[in-house]
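Undergrad: fold the stuff below for me.
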Amino acid sequence: QVHLVESGGGSVQAGGSMRLSCTASQHTYSSYCMGWFRQAPGKERERVATLDSDGSTTYADSVKGRFTIYRGNNKNTLYLQMNNLKPEDTAIYYCAAPPMFGSCPETSSAYWGQGTQVTVSS
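TA: Next up, the predicted model:
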């Protein structure tokens with residue numbers, strides 16, 4: 001089982017930027033589809049973005065044009081660059097890996113990091 005460690009959360013004012021990082025304990029996950037999810041208080045966990053091994057990406061409609069998912073040069077670190085943050089982006093953000101190669105993480109099927117809190121004030 002892979003161990004995922006997120007960092008980079010914190011507090012920011014609306015309109016600000018923040019970058020989250022996620023490092024996987026196994027280098028093989030550099031070739032896996034990886035993703036970022038978030039869960040706001042009282043709401044279900046939702047997919048924010050995914051990045052597949054071929055470079056293809058998906059984004060939730062609510063973050064398109066503001067968030068960018070990408071890998072570092074060593075491919076073992078996953079990032080989420082968040083710009084023009086809004087109060088509704090406030091949530092715990094989770095890095096996610098799929099349970100098997102060839103699939104992308106889903107809310108119902110993934111390995112999760114411990115999560116990092118992102119708070120956006122108005």
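
Undergrad: so where does L85 fall, helix or strand?
TA: Assigned by DSSP states H and E, L85 belongs to no helix or strand.

Undergrad: which SSE is immediately downstream of whichever strand or helix holds W36?
TA: In this structure, W36 is located in strand 34-39 according to DSSP H and E. Downstream of strand 34-39, the next assigned helix or strand under DSSP H and E is strand 46-51.

Undergrad: neighbouring contacts of the next helix or strand after that next one?
TA: Next helix or strand after strand 46-51 toward the C-terminus (DSSP H and E): strand 57-59. By Cβ atoms under 8 Å, 6 or more residues apart in numbering, the residues outside strand 57-59 that reach it are 47-51, 67, 69, 104. For glycine as for every other residue, the C-beta is placed from the backbone atoms N, C-alpha and C.

Undergrad: so where's the chain uncertain?
TA: For the chain, not a single residue meets the criterion pLDDT under 70.

Undergrad: quick revisit: what are the buried residues along the strand holding W36?
TA: By 16 or more other Cβ atoms under 10 Å, the buried positions in strand 34-39 come out as 34-38.

Undergrad: stretch 22-32 too?
TA: Neighbour-count burial for stretch 22-32 flags 22-24, 29-30, 32 (criterion: 16+ other Cβ under 10 Å).

Undergrad: which one of those is nearest H3?
TA: Using Cβ to Cβ, A24 comes nearest to H3 of those, at 7.3 Å.
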